[in-house]
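Q: Prediction below, plus the sequence it came from.
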Amino acid sequence: MRLLMLTPSLPYPLHQGGAIRNYGIIHGLHAAGHDITLLSFHDSSLTIDSTPLINLCSQIETVPFPQRATSQRLRELALSAQPDLANRLRSAEFSHRLQSLLTQKKFDLIQFEGLEMAAYLPLTQDSGAKLCYDAHNAEYALQRVIFEVDLSTPLRWPSAAYSLIQSNRIAHFERLVCQQVDCVIAVSDEDAETLRHLCPDARISVIPNGVFADEYDETGEYLDLGKNVITFTGKMDYRPNVDAMLWFTGSIFPQVQKRVPDARLYIVGQKPHPRLESLREKPNIELTGWVPEIRPFLHATSVYIAPLRMGSGTRLKILEAMAAGCAVVATNLAAAGLPQAVKNAMVIANQEAEMSESIVALLQDDTRRKTLGQAAQIAIKNHYDWSLLIPRLLSTYKEIGLG
């Protein structure tokens, strides 16, 4: 099968959830013998030849990220019924490169990785290829949850209004995309149900996010962060991650520190949002910014936290932490989409006092942390290794006449 994959950024290095998912899919399809052409946005100093992608794809094309002035964005928000997300990666150069590829090659399948890339769907409808939309999130529902969380804080009401408007616009756009493709892939059963509510006639399959579980075994660089290390990882300009850390540092971490004074919180991830800058002044909190490798931090962690109050899909950050053998404390929303066997290998806590108590209990119990971490590794290998997920993806393609 000849597949054209459209991604919002080069799926390497593996520093955010979208890249990890997209790389896993490319790796698995290549191993299954399929020919992959990749078209991505990319403008960093990283050269394509220095990445493993060069050995996984028969052709890789990249264009720079589009520059979008604030005035243009505000004008589009005011005058267009399109969601902001649909315009974020609009690029004449990307459109031209896509059309050129469609002229040069005959593809069996074109896969759009995320709703931003589905903005290019109209250019592909006469290509003769099957079209697949890989929904990394149920985006309209995600915006609705963000609206509800922001609505509870008066200072966030302007953001809440933005999210409410965007949720309605995204719902319309997302419905059109689901109607116009041959198959939709959701990353969790919950997301699949949400998308079916939006578009009952869509063909929707569930292919969760995954990891290469064996790669998270404790090998390579050793990082000594001391005792009682609490870690959160993620792209730190992403609104659900920003909200999680503001909530945790404001209402939960101080309670932990009262019981465990030397507890340290590491917030590991690129592009910390300006709203997080004040955290640098607080004792025992570290914002690392970009790091070359996440795994050393996970292996140095005592308790991994996922205090998410908004979001959708399967959280790759949790899969990574569990694969690395971390004891995980997460909210129900953060663990949404995970089977019960995986949830049993973590601690679920939703309220502030409940979460702080759970973290303190784990920090004070080495045996419990080790037992939970070992169970987490087994659960991930049994449910979320790419070797188990790629056959499910190939079955989805077969259902639309490919493979």
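A: Structure's in. What do you need? It should be emphasised that the depicted structure is a prediction, and the values quoted were computed from it without experimental measurement. Numbering: from 1, shown residues only.

Q: C-alpha from now on. contacts and neighbour counts both.
A: Fine.

Q: Tell me where the model's unsure across the stretch 101-250 of the chain.
A: Scanning the stretch 101-250 of the chain with the threshold set as pLDDT under 70 gives 219-220.

Q: how about a cut-off of 80?
A: Across the stretch 101-250 of the chain, residues meeting the criterion (pLDDT under 80) sit at 218-221.

Q: Let me see the ranges of the strands in it.
A: Counting by DSSP state E, counting those that start in this stretch, the stretch 101-250 of the chain has strands at residues 109-113, 130-135, 183-186, 204-206, 229-233.

Q: now the fourth one, how far from the chain's geometric center?
A: It stands for strand 204-206. In terms of CA atoms, centre = their mean, to the nearest Å, the centre of strand 204-206 is found 17 Å from the chain centre.

Q: Can you give the contact residues for that strand?
A: Residues outside strand 204-206 that contact it (CA atoms under 8 Å, 6 or more residues apart in numbering): C183, V184, I185, A186, V187, S188, D189, A192, R196, T396.

Q: That one: partners in the sheet, and parallel or antiparallel?
A: strand 183-186 (parallel) (DSSP bridges).

Q: quick one: contacts of the partner strand?
A: 131-138, 178, 192, 202-208, 313, 400.

Q: Only whichever of those are buried, select them in PyMOL.
A: Selecting only the buried entries of the contacts of strand 183-186 in PyMOL, with 16 or more other CA atoms under 10 Å as the criterion:
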select buried, resi 131+132+133+134+135+136+137+138+178+192+202+203+204+205+206+207+208+313
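
Q: Save the contacts of strand 204-206 as CSV, and put in distance to V242 too.
A: Output for the contacts of strand 204-206, formatted as CSV (distance: CA to CA, whole Å):
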residue, distance to V242
C183, 33
V184, 29
I185, 27
A186, 24
V187, 22
S188, 23
D189, 25
A192, 26
R196, 29
T396, 35
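
Q: Which strands and helices lie in contact with the helix or strand where P296 lies?
A: According to DSSP states H and E, P296 maps onto helix 295-299. Helix 295-299 is packed against no helix or strand, with contacts defined by 3 or more CA pairs under 8 Å, 6 or more residues apart in numbering; DSSP states H and E.

Q: What residues sit buried inside it?
A: Buried residues in helix 295-299, counted by 16+ other CA under 10 Å: R295, P296, F297, L298, H299.

Q: Out of the residues you listed, which is nearest to P307?
A: Of all the buried residues of helix 295-299, P307 sits closest to L298, with 16.4 Å by CA to CA.

Q: Surely the closest one is in contact with L319?
A: No: the pair L298 / L319 is not scored as a contact, 11.4 Å apart, by CA atoms under 8 Å.

Q: how does the chain divide up, domain by domain?
A: Using automatic domain parsing, the domains assigned to the chain come out as 2-210+386-399, 214-383.

Q: what's the offset of the last one from the middle of its chain?
A: In this case it means domain 214-383. Taking CA atoms, centre = their mean, one finds the center of domain 214-383 at 15 Å from the center of the full chain.

Q: Low-confidence ranges, the stretch 251-400 of the chain, go.
A: Ranges of the stretch 251-400 of the chain meeting pLDDT under 80: 311-314.

Q: one step back: just send the buried residues of helix 295-299 back as JSON lines, with distance to Q82 too.
A: Listed next are the buried residues of helix 295-299 as JSON lines, based on distance: CA to CA, whole Å:
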{"residue": "R295", "distance to Q82": "39"}
{"residue": "P296", "distance to Q82": "42"}
{"residue": "F297", "distance to Q82": "40"}
{"residue": "L298", "distance to Q82": "40"}
{"residue": "H299", "distance to Q82": "43"}
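
Q: Next one: A192 from G24, what distance?
A: Using CA to CA, to the nearest Å, A192 is found at 20 Å from G24.

Q: Could you verify that I36 is part of a strand?
A: Yes: I36: assigned to a strand according to DSSP: H, G, I helix; E, B strand; the rest coil.

Q: L4 is in contact with that one, correct?
A: Yes: applying CA under 8 Å, one finds I36 in contact with L4, separated by 6.0 Å.

Q: neighbour-wise, which of those two wins?
A: The neighbour comparison of I36 against L4 (other CA atoms under 10 Å) goes to L4, with 27 against 23.

Q: So the more buried one: helix, strand or coil?
A: Assigned by three-state DSSP, the conformation of L4 is strand.

Q: Tell me who's in contact with it.
A: Contacts of L4 by CA under 8 Å, 6+ apart are I36, T37, L38, L39, F107, L109, I110, Q111.

Q: could you dump the residues you listed to CSV with distance to R275?
A: Formatted as CSV, the contacts of L4 follow (distance: CA to CA, whole Å):
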residue, distance to R275
I36, 40
T37, 39
L38, 35
L39, 33
F107, 44
L109, 41
I110, 38
Q111, 35
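
Q: now these: which count as buried?
A: In terms of neighbour count (16+ other CA under 10 Å), the buried residues within the contacts of L4 are I36, T37, L38, L39, F107, L109, I110, Q111.

Q: mind checking how far the fifth one is from H34?
A: Taking CA to CA as the measure, F107 and H34 are separated by 11 Å.

Q: Find residues that contact each of the two.
A: By CA under 8 Å, 6+ apart, the residues touching both F107 and H34 are M1, R2, L3.

Q: By neighbours, which of the residues you listed wins?
A: In terms of neighbour count, L3 stands highest of the shared contacts of F107 and H34 at 21 neighbours, by other CA under 10 Å.

Q: So that residue versus Q125, what's the distance?
A: Taking CA to CA as the measure, L3 falls 15 Å from Q125.

Q: ok, and what's touching stretch 32-40?
A: 1-10, 26, 29-30, 56-63, 98.

Q: starting at the chain centroid, how far to that stretch?
A: What separates the centre of stretch 32-40 from the centre of its chain is 21 Å, taken as CA atoms, centre = their mean.

Q: I'd like the average pLDDT over that stretch.
A: Across stretch 32-40, pLDDT averages out at 98.
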